[in-house]
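Asker: Provided below are the primary sequence and the corresponding predicted coordinates.
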Amino acid sequence: MPFGAHMSIAGGMHHAFEEAKAAGCEALQVFTKSSNQWKAKTLGEEDLSLWHAAWARHPEWPVIAHDSYLINLASPDEALWRKSIDAFHHEVERCDLLRIPFLVMHPGAHMGAGEEAGMDRVALAFDEVCSRARASRTTILLETTAGQGTSLGWRFEHLRDILERVREPDRFGVCFDTCHVFAGGYDFRTWMGYDAVMAEFDRIVGIGRLRCFHLNDSRRELGSRVDRHENIGKGHLGREAFRLLVNDRRFRDLPMVLETPKEGEMDKVNLRLLRRLAGVRRGAKERS
């Protein structure tokens, strides 16, 4: 499995590749702009040239983008909803310029309007973006969420219902975030729990919809609906959940990307642990 991490784009997007290489990555996730600002610097010819040249040095790496945290396609507020649609369309355009095939996004928060109304808004927004970006080759990935506040996506049914509402479902996939799924109430810390959760995901959404994973342990307990990432094996999920996931042959070709705390060289530490766990089969003992 190609293991990687989310990397900073400070100083130029192309620098993310060398940072990822130094950490031991085989896959990369980036923002294509500041995640906490609406405005974005235009990607000029030099930006694109440097990016593509950097990627050409690692042509086998899967690369994923994540959209801005400000975007809320489920918002009942018309002004924010329209602003979010424009911003998300711009994110898709940037991915096309950078030739990034996948754009991960949080479905959004209904802000009190209710889940059904929120999902209707998300689907309408997606239909408009897909219509405006008719020639886009970017696949939009709905991310499972922890369910903080009024966020959608913490139940597998939310993802299914949004995908059933859009006009062009083939332009969409799913990103499975381990911390978020656990915080949403799905317990996959044992092999029986893991098999049950994956069977439920397959029944409701479909395993074939998965395009990537975010590998994050959780600082908060099962069903907390609080989004707090922790280093692998250091949170309430523990090592066994990750051992089960990274040894699941169904996902052997899908990128698995860390979004864990960045202090020190923790990306290196987490990646080494994941690779070690990938060699430990069910019933075997992990070497310390």
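Answerer: Received it, and whenever you're ready, just let me know what you need.
Asker: quick one: residue 244 from residue 176, how far?
Answerer: Separation of residue 244 from residue 176 (C-beta to C-beta, to the nearest Å): 13 Å. Every residue, glycine included, has its C-beta placed from N, CA and C.
Asker: Between the two, which has more neighbouring residues?
Answerer: residue 176 (27 against 21; other C-beta atoms under 10 Å).
Asker: Next, the contact list for the closest residue to residue 177 other than its chain neighbours, please.
Answerer: Spatial nearest neighbour of residue 177, excluding adjacent residues (C-beta to C-beta, 6 or more residues apart in numbering): residue 214 at 3.9 Å. Residue 214 makes contact with 104, 143, 175, 176, 177, 178, 179, 180, 256, 257, 258, 259, according to C-beta atoms under 8 Å, 6 or more residues apart in numbering.
Asker: do the same with residue 23
Answerer: Contacts of residue 23 (C-beta under 8 Å, 6+ apart): 5, 7, 265, 267, 268, 271.
Asker: Tell me the one of the contacts of residue 214 nearest residue 53?
Answerer: Closest approach between these and residue 53, by C-beta to C-beta: residue 257, at 22.4 Å.
Asker: thinking again about what came up before, my reading is that the residue nearest to residue 177 lies in a strand. Confirm?
Answerer: Yes. Using DSSP: H, G, I helix; E, B strand; the rest coil, the secondary structure at residue 214 is a strand.
Asker: From residue 163, how far off is it?
Answerer: Distance from residue 214 to residue 163, by C-beta to C-beta: 19 Å.
Asker: Is the residue nearest to residue 177 bridged to anything, and to what?
Answerer: Beta-bridge partners for residue 214, by DSSP bridges, are residue 177, residue 257.
Asker: biggest helix in the chain by residues?
Answerer: In the chain, taking DSSP state H as the definition, the longest helix is helix 78-98.
Asker: Not counting its own residues, what contacts that helix?
Answerer: Identification of contacts with helix 78-98 by C-beta under 8 Å, 6+ apart yields 13, 32-33, 38, 40, 43, 48, 51-52, 65, 67-68, 70-73, 75, 101-103, 105, 108, 121, 125, 128-129, 132-133, 135-138, 140.
Asker: Pass me the low-pLDDT residue ranges in the chain, would you?
Answerer: 280-288 (pLDDT under 70).
Asker: if you go through it in chain order, where are the strands?
Answerer: 3-6, 27-31, 63-66, 102-105, 139-143, 172-177, 210-215, 217-218, 229-230, 256-258 (DSSP state E).
Asker: Let me know which of the ones you listed is tucked in deepest.
Answerer: strand 256-258 (a mean of 27; mean count of other C-beta atoms under 10 Å).
Asker: so how far is that strand off the chain centroid?
Answerer: With C-alpha atoms, centre = their mean, to the nearest Å as the basis, strand 256-258 stands 9 Å off its chain's centre.
Asker: Stretch 142-153 now?
Answerer: For stretch 142-153, the distance to the chain centre is 12 Å (C-alpha atoms, centre = their mean).
Asker: from what I can see residue 9 touches residue 29, true?
Answerer: No. Contact between residue 9 and residue 29 fails when scored by C-beta atoms under 8 Å: they sit 10.6 Å apart.
Asker: how about the strands of the chain in TSV, adding distance to residue 91?
Answerer: Converted to TSV, these look like this (distance: least, C-beta to C-beta, whole Å):
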stretch	distance to residue 91
strand 3-6	15
strand 27-31	9
strand 63-66	7
strand 102-105	6
strand 139-143	9
strand 172-177	14
strand 210-215	16
strand 217-218	27
strand 229-230	22
strand 256-258	17
